[in-house]
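Student: Provided below are the primary sequence and the corresponding predicted coordinates.
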Amino acid sequence: MNHAHAPHRGTSHGHHHEDATDGQAEILDLDAEVLAEHTASITAWLPLQTAPHHIVDLGCGTGAGTFALLDRFPDAQVTAVDASAEHLQRLRAKACTRGVEERVRTVRTDLDDDAWPGLGSPDLVWASASMHHMARPDRALRNVHDALAPGGLFAVVELAGHPRFLPENAPEDRPGLEERVHAAADRRQAEHMPHRGADWGPMLTAAGFTVEDERTLAVNLEGSRSEAIGRYATGVLQRIRGVIADRLSPEDLTALDQLLDTSSPHSILRRDDLTVRTERTVWAARRI
């Protein structure tokens, strides 16, 4: 996903809520760019019996999964589903830029609604960093099961929390700041998103799926590989700050604001020691 990931979706992460902002769409785009190779490796791993022709991307955001899947399966069509009109508009614009607009259909719907629009009979459904947003994931899983063609595959991809970017001893005057920021964000998210970090295996089984494989993949990208990583780190931490500022000490909040001030000598953008560290877990579940 789903999951870039600010306290939504995280980065992918308020995918189907209407409070989407340019800031979130920007993070989703950066998330897609920074994790592109990683996402491609997941699409290559999927235990498919035949190449899919119709794919549904649930909680598609601005299209990280959609375009990875279009690249991986050149004969497939993708139905991209999200609650945010802005995200879908960005996705359509990207499809036109890439010349694949004929292969993409967008559907705006809230995945927490009782009834979903007709999604056809896909042979692959992809949900990255979107399932943990749902108020009733058990119902959503059953909806996916009922929509899938027999023998079809459902791929659930979730991030283990927000990515980490800074060394443990950073910043010099407040070492360990990032872990304290994440701890506050995790506590807040546990209150609002109880399914974040869940084990989806038992829930998939309960919904009628056969879980064929599950794996956890480590992400560890050196910041020197892409200048986008600095902007990604700034965006993710800015979003986290927006929801946990009142839970930080004044000293930590001041240090965080210095990191986020792009004109400051202490700005994240001026650091040469950034990495992207997180884990993604993928469940591959089949409708028998």
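Tutor: The structure has been received and is ready for your questions.
Student: On the three-state scheme, Val276 is what?
Tutor: Secondary structure, DSSP: H, G, I helix; E, B strand; the rest coil: Val276 is strand.
Student: actually Asp29, not the one I wrote
Tutor: When classified by three-state DSSP, Asp29 comes out as helix.
Student: Might you report the residue contacts of the nearest residue to it once chain neighbours are set aside?
Tutor: With CB to CB, 6 or more residues apart in numbering as the criterion, Asp29 has its nearest non-adjacent residue at 5.4 Å, and that residue is Thr62. C-beta: built from backbone N, CA, C; applies to glycine. Applying CB atoms under 8 Å, 6 or more residues apart in numbering, we find Thr62 in contact with 25, 28-29, 32, 87, 90-91, 94.
Student: show me where pLDDT drops low in the chain?
Tutor: Flagging of the chain using pLDDT under 70 yields the residue ranges 1-22, 194-195, 197.
Student: in terms of contact, does Gly59 touch His132 like I think?
Tutor: No - using CB atoms under 8 Å, Gly59 is not in contact with His132; the gap is 9.7 Å.
Student: Tell me which of the two has more neighbours.
Tutor: The residue with more neighbours, out of Gly59 and His132, is Gly59; 31 against 28, by other CB atoms under 10 Å.
Student: the strands in the protein, which residues?
Tutor: Along the chain, the segments classed as strands by DSSP state E run 54-58, 77-82, 104-108, 124-128, 153-159, 210-222, 275-286.
Student: now the residue located most distally from the centre of the chain, nearest residue through space, not along the chain?
Tutor: For the chain, the residue at maximal distance from the C-alpha centroid (CA atoms, centre = their mean) is Asp173, at 31.9 Å. If the residues on either side of it in the chain are set aside, Asp173 comes closest to Ala255, at 6.3 Å by CB to CB, 6+ apart.
Student: Identify the residues contacting stretch 247-254?
Tutor: By CB under 8 Å, 6+ apart, stretch 247-254 touches 174, 177, 180-181, 184, 187-188, 241, 245, 256.
Student: Show me what counts as buried in that stretch.
Tutor: For stretch 247-254, burial by neighbour count (16 or more other CB atoms under 10 Å) applies to 248, 252-253.
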